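> From the sequence below, what's the structure:
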Amino acid sequence: MLGVAEWVTGRTGGDPHELVKTMKPAQLGRHVQPIEVGRVVAFLLSDQATIIRGQSINVDGGDTPY
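Have a look, this model is predicted:
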């Protein structure tokens with residue numbers, strides 16, 4: 001996440017460490033952890049998800065408004 005913040009602030013200015021603090025979903029109140037994203041991916045690759053087709057699944061802690 002710091003790498004993304006450094007890339008953005010390198011072009012827009014500011015402190016990348018301060019930007020990282022703002023990069024968390026308000027509803028979740030913390031950063032999404034890579035393992036949490038991985039669990040969703042693992043589920044979608046499993047036999048338990050065979051009926052899921054053509055869906056957009058937001059793994060962003062509630063940050064997407066739809």
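
> Point me to the helix or strand that includes the residue most central in space within the chain.
Centroid-nearest residue in the chain: residue 60, 4.3 Å away (criterion: Cα atoms, centre = their mean). For residue 60, there is no host helix or strand (DSSP states H and E).

> just residue 37 next, same as before
Per DSSP H and E: helix 34-45 holds residue 37.

> Convert that helix to CSV, retaining C-alpha atoms only.
Extracted in CSV, the C-alpha atoms of helix 34-45 (Å, rounded to 0.1, in the frame of the first residue of the first chain):
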residue,chain,number,x,y,z
PRO,A,34,-4.3,-9.4,1.7
ILE,A,35,-5.4,-12.6,3.4
GLU,A,36,-9.0,-11.3,3.3
VAL,A,37,-8.9,-10.8,-0.4
GLY,A,38,-7.2,-14.2,-0.8
ARG,A,39,-10.1,-15.9,1.0
VAL,A,40,-12.6,-14.4,-1.4
VAL,A,41,-10.5,-15.6,-4.3
ALA,A,42,-10.1,-19.0,-2.8
PHE,A,43,-13.9,-19.3,-2.4
LEU,A,44,-14.5,-18.2,-5.9
LEU,A,45,-12.1,-20.9,-7.2
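
> Isn't the residue nearest to the centre of the chain up against residue 25?
Yes. Under the criterion of Cβ atoms under 8 Å, residue 60 makes contact with residue 25 at 5.8 Å. (C-beta placed from N, C-alpha, C; glycine too.)

> which neighbours do those two share?
residue 32 (Cβ atoms under 8 Å, 6 or more residues apart in numbering).

> Great, nothing more from me.
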